[in-house]
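> I need the structure of the sequence given here:
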Amino acid sequence: MQVNSLYPQKFRGRRARIGRVCAIFWRPKKSVQVQELDFSLGTFTINRTPQDGASVNGAEEPCTVSFSICPSISEIDAAEWDVCALDATGHDKFNPFLSHGFLSSLEETGCAVKETGWMPQHIVARDQHQNILGVAPVYLKSHSYGEFVFDHSWADAYYRFGIDYYPKLQCCVPFTPVTGQRILVRNTWCKDQIFGKFITTMKALADKVSSLHVTFPSENEWHGMKKDGFLQRIGMQYHWTNCNYKSFDEFLMDMKQSKRKNIRQERKKISAQNLKLKRLRGDEIKSRRMRSIGVFRRDLVVRVLRPAASGSVPPPPRGPCCCLGFLRRPVPSAAPTVAAAAGVVVLLPREEGRYACLGAS
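Numbers count the residues shown, from 1 in each chain. Modelled structure (predicted):
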């Protein structure tokens, strides 16, 4: 959702003839100073209606919901956060990227923190008994990197009109272009009303910055937020689907003959290198393995991503951060959490006894 218009309000609805340039605007681009937002976001009272069904104990006590900002996910109880995530996505569709463990590992390892331009400003909804009814991962950002949705043209347009685009609010999972629920609400009788109050609260927060962005939301959120005035933006991703293939050869039969030939030749080269495939999950990844992962990551950044960022768009910060997720040296204790989200596959050359490359599945 973009709050500020790219065009001055007084020119809207008027037709003007373009004449010669009579003024030139310029100002230096300064570093953004990000300040924390107000912690208290307001309180709402939700009354039970006949459509909500009868209460368990027969009482018609209204639900008083207070919204606040939490500057670190570590201040939120992990069990309560995860219950919100499970209720929002469904227990049969668990999304590990929405778990407290995954998001907290990004803060603990210095990835999603103020110093890297990702200031946590998570929104928490509590009832009158201080029970958490909903949460949303929100960050106050001083740049547009690590989102996989590029809005540099918007930032440039703001700059040309003399408006600050940063800081902006970003509701997302950092460095993770995976669709999923963004507003995580407990499964209570007033969950729909609480979801609506989350939208109201987030829009009020957006008035304090340039804009609010909810990236890679679920389909129901995408449609629902449009009704609340959010601007929709559509991107494209390529997803591979297993069409019940019984073998790899059956999968290849869906391709053209030339592609099948190329893939088979590539697989023969792998076999000739005498590589050993080993899969590591969760707590199987030790600190020594994490150091190897760090070496592979830095090598990828240097060889592939940094040269690609040499165009018109400025590259992400260097030094301890990099454009591959702004990841610093991983903390070994966070390895099981990260690996729980995706099984890590390591290829080990038998004749050398060391890791040669890394992949994830």
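> From here on, just use CA atoms for contacts and neighbour counts.
Noted.
> Tally up the residues packed near Lys261, please.
By the criterion of other CA atoms under 10 Å, Lys261 has 12 neighbours.
> what ranges of the stretch 51-200 of the chain fall below the confidence cut-off?
Within the stretch 51-200 of the chain, the stretches with pLDDT under 70 are 51-60.
> any chance you could map the strands in it?
Using DSSP state E, counting those that start in this stretch, the strands of the stretch 51-200 of the chain run over residues 63-70, 118-120, 122-126, 132-136, 138-141, 168-171, 184-185.
> Can you spell out which helices and strands pack onto the fourth one?
Contacts defined by 3 or more CA pairs under 8 Å, 6 or more residues apart in numbering; DSSP states H and E place strand 132-136 against helix 78-89, strand 122-126, strand 184-185.
> Recalculate using a threshold of 10 Å.
strand 63-70, helix 78-89, strand 122-126, strand 184-185, helix 191-206 (3 or more CA pairs under 10 Å, 6 or more residues apart in numbering; DSSP states H and E).
> Over to the shortest one?
Other helices and strands packing on strand 184-185, by 3+ CA pairs under 10 Å, 6+ apart, are helix 78-89, strand 122-126, strand 132-136, helix 191-206.
> Over to the fifth one?
Judged by 3+ CA pairs under 10 Å, 6+ apart, strand 138-141 is in contact with strand 118-120, strand 122-126, strand 168-171, strand 212-214.
> Output the strands of the stretch 51-200 of the chain in a markdown table; the columns should cover distance to Ala79 and mean neighbour count.
Converted to a markdown table, the strands of the stretch 51-200 of the chain look like this (distance: least, CA to CA, whole Å; neighbours: other CA atoms under 10 Å):
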| stretch | distance to Ala79 | mean neighbour count |
| --- | --- | --- |
| strand 63-70 | 16 | 20 |
| strand 118-120 | 19 | 25 |
| strand 122-126 | 14 | 23 |
| strand 132-136 | 10 | 26 |
| strand 138-141 | 19 | 26 |
| strand 168-171 | 21 | 24 |
| strand 184-185 | 13 | 27 |
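> Could you report the pLDDT at Thr49?
Here the pLDDT value assigned to Thr49 is 70.
> measure it to Arg186 for me?
Look at Thr49 and Arg186: by CA to CA, to the nearest Å, they are 18 Å apart.
> can you check Ser99 too?
For Ser99, the distance to Arg186 equals 14 Å [CA to CA].
> In terms of packing, which of those two has more residues around it?
Using other CA under 10 Å, the more surrounded residue of Ser99 and Arg186 is Arg186, with 24 against 20.
> Make sure the more buried one is actually in contact with Ala136.
No - applying CA atoms under 10 Å, one finds Arg186 not in contact with Ala136, separated by 11.7 Å.
> joint contacts of the two?
Common neighbours of Arg186 and Ala136 are listed as Trp81, Cys84, Ala85, Ala125 (criterion: CA atoms under 10 Å, 6 or more residues apart in numbering).
> Out of those residues, which is nearest to Cys243?
Among the shared contacts of Arg186 and Ala136, Ala85 lies closest to Cys243 (CA to CA), at 29.1 Å.
> Quick check: the closest one touching Ile132?
No - the criterion here is CA under 10 Å, and Ala85 misses it with Ile132 at 11.7 Å.
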